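>>> Give me a model of this one.
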Amino acid sequence: MPGHFEELLRWSGASFDLPELIAAYDTLLTSRLADICAEADDECIHKALALLPSGEREAYLRQPHIATLLLHPGSNTEAARRIANDLFHRLTDPAAAPHGYDLRINPRGGETLTELVPSRFSDFPDDRFGLAATCALSPAEFHRGRAALDGALCAAAAFSTDLATLIEVVSVTIALRKEPGVPTRFHSSTFRQYPGLVRLTNPHLDGVDTAILTEAIVHESIHSLLHIHEALESPFVSTAEGWDVAVTSPWSGSSILLHSYLHACFVWYGIYWLWHGLTDTGVLPEARRQTRLRFCLDGFARAPVSKRLLNLRAHVRPGLFETLVDMETRMCCIR
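Prediction:
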């Protein structure tokens, strides 16, 4: 399957069956829900799910705050309790938003590319480790960030229907936040334990233009796709020791964990082909486009796989190393 991602990430209409992948993901989540309900001896959840509007059951299970309970339940009884509680509030007071609002791509299309959904995230995994301390945007900041995101989604859709579909399907919840401790820097994040959750931090800043947000939402959507794939198959890191291994990224120069590094190889491959094909100077002036292309290529020229991962191959899922070497080779042939 990872080899098929290489085709998809060139955004050229390759025969990659994204609906098949998502259908398999829905089947996995439904199966995990059945296991949880059976162990908790609770049929109320199934009855409550039946009350959701037609077609929304699978979408509900894909929501990151629910998917994490299904995929990483800890206690099945506790997971069942939390899902039942969430369904109760959704059915009895669907407009309640004690943590404000997040966004999702409007599945019905129309004039509004995104729609508001009550947020289920008062904090994020990295808030707990001091890596970030995010909080809600003001209404005016949220409006600016949402408008900027809509511009990025328009640019992605105009470039590639494959890309637009990927973003809609795998970026289930998009959270806009600000980081008071670092108020002038934009960045984006996904979280392995919350498949489908994308956080855009400081998207309201004046310097965050369509190009920056387009790259960010594509970047994080690729991560989300890989998280879903790993939930279906197996993690890219195949040994317990491998999760603690750090590698220096040839793109950022930072020391990052091996799992993030493996993801990065796919991400920067996809970002290169994004800017290779998206040549609209209204989105990204040509000089900046060439700079981004060169940034992606320079990382691959440093042999991120064939040299940097060679001694770590035992920690990498079988078959993945070869796929990444093929991608590296393709990129190194580009002049």
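
>>> What residues of stretch 248-262 count as buried?
Using 16 or more other C-beta atoms under 10 Å as the test for burial, stretch 248-262 gives 249-251, 258-262. C-beta: built from backbone N, CA, C; applies to glycine.

>>> all helices in the stretch 101-250 of the chain, in order from the N-terminus.
With helices called from DSSP state H, counting those that start in this stretch, the stretch 101-250 of the chain shows them at 139-159, 161-170, 210-232.

>>> that older thread, with pLDDT, distance to Ala314 and secondary structure added, can I get the buried residues of stretch 248-262 in TSV?
Formatted as TSV, those follow (pLDDT from 0 to 100; distance: C-beta to C-beta, whole Å; DSSP: H, G, I helix; E, B strand; the rest coil):
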residue	pLDDT	distance to Ala314	secondary structure
Ser249	97	20	coil
Pro250	97	21	coil
Trp251	97	24	coil
Leu258	98	11	helix
His259	97	15	helix
Ser260	97	18	helix
Tyr261	98	15	helix
Leu262	98	14	helix
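
>>> Looking at those residues, which is nearest Arg57?
Taking C-beta to C-beta as the measure, Arg57 lies nearest His259 of the buried residues of stretch 248-262, at 31.0 Å.

>>> Test my guess that that closest one contacts Trp243.
Yes. Judged on C-beta atoms under 8 Å, His259 makes contact with Trp243 at a distance of 6.5 Å.

>>> can you list residues touching both of these two?
Val237 (C-beta atoms under 8 Å, 6 or more residues apart in numbering).

>>> picking that back up, ok, of the helices of the stretch 101-250 of the chain, where does mean pLDDT dip lowest?
Ranked by mean pLDDT, the helices of the stretch 101-250 of the chain bottom out at helix 161-170, with a mean of 91.

>>> Relative to the whole chain's centre, how far out is that helix?
11 Å (C-alpha atoms, centre = their mean, to the nearest Å).

>>> do stretch 21-32 as well
17 Å.

>>> and that stretch, which residues are buried?
Buried, per 16+ other C-beta under 10 Å, within stretch 21-32: 21-22, 24-25, 28-29, 32.

>>> likewise stretch 174-182?
In stretch 174-182, counting by 16+ other C-beta under 10 Å, buried: 174-179.

>>> Any stretches of the stretch 1-150 of the chain with poor pLDDT?
1-3, 13-16, 108-111, 128-132 (pLDDT under 70).

>>> Show the contacting residues for the one residue sitting closest to the centre of the chain.
Compute the mean C-alpha point of the chain, and by C-alpha atoms, centre = their mean the closest residue is Ser224, 2.9 Å away. Shown in contact with Ser224 (C-beta under 8 Å, 6+ apart): 170-172, 190, 195-198.

>>> and if we set it to 6 Å?
By C-beta atoms under 6 Å, 6 or more residues apart in numbering, the contact set of Ser224 is 170-171, 190, 196.

>>> Now render these as CSV, adding neighbour count.
Below are the contacts of Ser224 laid out as CSV (neighbours: other C-beta atoms under 10 Å):
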residue, neighbour count
Val170, 26
Ser171, 23
Thr190, 22
Gly196, 26
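
>>> Mind picking the two most distant members of these?
Val170 and Thr190 (9.6 Å).

>>> Would you check how far apart the residue lying closest to Ala152 once chain neighbours are set aside and Leu149 are?
Excluding the flanking residues, the one nearest Ala152 by C-beta to C-beta, 6 or more residues apart in numbering is Leu213, at 3.7 Å. Using C-beta to C-beta, to the nearest Å, we find Leu213 at a distance of 6 Å from Leu149.
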